[in-house]
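> just a sequence and a predicted model for now, questions to come.
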Amino acid sequence: MTNAWLNNARNAEQMARNEAVRRSRTEAAEARAKLKAKKAQEAAKKANNQAREAAVERSKAEAAAARAARAAARGETSNRRNKTNTANKAAKKAAENAKKAQANAEKAVANAKKAEAEALAKNVQNKLVALSRRQNINKREMAKQGRKIYIQAVKTGLLHPNKGANTAISQQFLSMYDDFKKFVNQN
């Protein structure tokens, strides 16, 4: 009996071992199948993404071809469009430079007018000073000649405040002439 019992125990142990091996093989096969399924799923996803990207690229290419066809129908090429854009930018820049040049020219004209007015005022001052230093001239003749110098200077319009003259220069000129009149009337 012991042999039978031992045989039964051995058989049961063998059967349990065999069952464990079968279970292990089954689990390994399931794991491999899951892994294979996962890889297949990833491959399918990758293929779908590639197909989608290819469709997007194809769509972009078709749209670009359609745009090029429309541009060609209008007689326009991308090279021509680029040249047009470049020309437009150059024209815009030239217009800005022309505005700057015009502003600079206006400033230069204003500065030249101011310098001319200053020179005229200085010239009138020198003439009046020279006239006041003359020895052999009477008061009436000095006033008459000083008035002539004043009127000639005013006629130019450079020293007249209502004709666009620099205010400071015209005030200096007027005060200078007033000083000359006071000097003549004192003598």
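Received, thanks. Numbers count the residues shown, from 1 in each chain.

> going forward, measure contacts between C-alpha atoms and count neighbours the same way
Fine.

> outside of stretch 13-26, which residues touch it?
Outside stretch 13-26, no residue is within contact range by C-alpha atoms under 8 Å, 6 or more residues apart in numbering.

> would you pull up how far that stretch lies from the middle of the chain?
Distance of stretch 13-26 from its chain centroid, counting by C-alpha atoms, centre = their mean, to the nearest Å, is 80 Å.

> how about stretch 137-149?
63 Å.

> how about stretch 157-174?
For stretch 157-174, the distance to the chain centre is 42 Å (C-alpha atoms, centre = their mean).

> which parts of that stretch are buried?
158, 159, 160, 165, 166, 169, 170, 173, 174 (16 or more other C-alpha atoms under 10 Å).

> the second one and residue 112, how far apart?
This means residue 159. In this view, residue 159 and residue 112 are 14 Å apart by C-alpha to C-alpha, to the nearest Å.

> again with the fifth one
With the distance defined as C-alpha to C-alpha, residue 166 ends up 12 Å from residue 112.

> returning to that earlier point: residue 41: which of the buried residues of stretch 157-174 is nearest?
residue 166 (88.4 Å; C-alpha to C-alpha).

> got a pLDDT number for the closest one?
For residue 166, the model assigns a pLDDT of 75.

> could you pull up phi and psi at it?
For residue 166, the backbone dihedrals (degrees, to the nearest 10) come out as phi -70, psi 130.

> for residue 116, which non-adjacent residue is spatially closest?
residue 158 (7.6 Å; C-alpha to C-alpha, 6 or more residues apart in numbering).

> quick one: that neighbour and residue 165 touch, right?
Yes. Between residue 158 and residue 165 a contact is recorded at 5.3 Å, counting by C-alpha atoms under 8 Å.

> spit out the residues that contact those two alike.
residue 117.

> picking up where we left off before, quick one: the residue nearest to residue 116 from residue 169, how far?
9 Å.

> give me the common contacts of those two.
residue 117.

> ranges for the helices of the protein?
2-73, 78-133, 139-155, 167-186 (DSSP state H).

> what lies in contact with the shortest one?
To tie it back to what came earlier, the one meant is helix 139-155. 120-121, 124, 127-128, 131-132, 159-160, 177, 180-181, 184-185, 187.

> so where's this structure shaky on pLDDT?
Filtered on pLDDT under 70, the chain yields the residue ranges 1-2, 33, 37, 40, 43-44, 66, 68-69, 71-73, 75-85, 187.

> let's go with 90 and repeat that
For the chain, the stretches with pLDDT under 90 are 1-147, 149-187.

> for stretch 145-160, which residues meet the burial criterion?
For stretch 145-160, using 16+ other C-alpha under 10 Å, the buried residues are 146, 147, 149, 150, 153, 154, 158, 159, 160.

> now stretch 120-139
Within stretch 120-139, judged by 16+ other C-alpha under 10 Å, the buried ones are 120, 121, 124, 125, 127, 128, 131, 132.

> for stretch 128-143, output the C-alpha coordinates as PDB.
C-alpha atoms of stretch 128-143 as PDB (Å, rounded to 0.1, in the frame of the first residue of the first chain):
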ATOM      1  CA  LEU A 128      24.500 152.600 -38.300                       C
ATOM      2  CA  VAL A 129      27.600 152.500 -36.100                       C
ATOM      3  CA  ALA A 130      29.800 153.900 -38.900                       C
ATOM      4  CA  LEU A 131      27.200 156.600 -39.600                       C
ATOM      5  CA  SER A 132      27.100 157.600 -36.000                       C
ATOM      6  CA  ARG A 133      30.900 157.900 -35.800                       C
ATOM      7  CA  ARG A 134      31.200 160.300 -38.800                       C
ATOM      8  CA  GLN A 135      32.400 163.600 -37.600                       C
ATOM      9  CA  ASN A 136      31.400 166.100 -40.400                       C
ATOM     10  CA  ILE A 137      27.600 165.300 -40.500                       C
ATOM     11  CA  ASN A 138      24.800 167.100 -38.900                       C
ATOM     12  CA  LYS A 139      22.000 165.600 -36.800                       C
ATOM     13  CA  ARG A 140      19.300 165.900 -39.500                       C
ATOM     14  CA  GLU A 141      21.500 164.300 -42.200                       C
ATOM     15  CA  MET A 142      22.500 161.500 -39.900                       C
ATOM     16  CA  ALA A 143      18.800 160.700 -39.100                       C
END
